[in-house]
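[1] got a sequence here, can you build the structure:
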Amino acid sequence: MIGGVDIAFTGRVLDGDMDVMLRIARAAWPYAFVETGDGSFAVVVGETFRMEWPTPSEAFIYESHAAYESWTASGLTHANADKMLAVTLEHDCISFVVNDRLGTTAAIVGDMMDSVRENRWLALALALPRAA
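    Predicted coordinates:
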């Protein structure tokens, strides 16, 4: 069981949103590890860059492979609570689950939301017609 605090980030989800979030995760956690929600795929975050994530989908992002193994073996513990965050992509929202709104994972989610917001703004700006 994950437990924790839900954080919702509304707005149309773009194809590159998960890529942006995974890059922020790796900046925070250099040895970050990601697992799909169904557990069918688990790798070092860097191997997933530019990978297509369908909408809807779910992922668990861990601080490291050791954190992944801890969560897999023991579930939520006091020692690993701030070493994983859950992400769910829907068509109109990205939802996060973190241990504590003031903890390490919440700060990473804040950086993810800022970067996704900026990426969406840039995508919109680039899509606008240019004046002749």
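
[2] next, the buried residues of the top helix by length along the chain.
    Assignment by DSSP state H gives helix 104-127 as the longest helix of the chain. Neighbour-count burial for helix 104-127 flags 104, 105, 106, 108, 109, 112, 113, 115, 116, 119, 120 (criterion: 16 or more other Cβ atoms under 10 Å). Where C-beta positions appear, they are placed from N, C-alpha and C, glycine not excepted.

[3] could you dump those to a markdown table with distance to residue 85?
    What follows is the buried residues of helix 104-127, written out as a markdown table (distance: Cβ to Cβ, whole Å):
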| residue | distance to residue 85 |
| --- | --- |
| 104 | 9 |
| 105 | 4 |
| 106 | 8 |
| 108 | 7 |
| 109 | 6 |
| 112 | 9 |
| 113 | 12 |
| 115 | 15 |
| 116 | 14 |
| 119 | 19 |
| 120 | 20 |
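
[4] quick one: contacts for residue 11?
    92, 93, 120 (Cβ atoms under 8 Å, 6 or more residues apart in numbering).

[5] give me phi/psi at the first one?
    Reported as degrees, to the nearest 10, the phi and psi values for residue 92 are phi -120, psi 10.

[6] over to the second one?
    Geometry field for residue 93 lists phi and psi as phi -170, psi 150, criterion degrees, to the nearest 10.

[7] what about residue 58, is that helix, strand or coil?
    strand (DSSP: H, G, I helix; E, B strand; the rest coil).

[8] tell me the bridge partners for it.
    Residue 58 has these beta-bridge partners by DSSP bridges: residue 88.

[9] quick one: residues contacting it.
    Counting by Cβ under 8 Å, 6+ apart, residue 58 has contacts 36, 37, 38, 86, 87, 88, 89.

[10] all good on my end, thank you.
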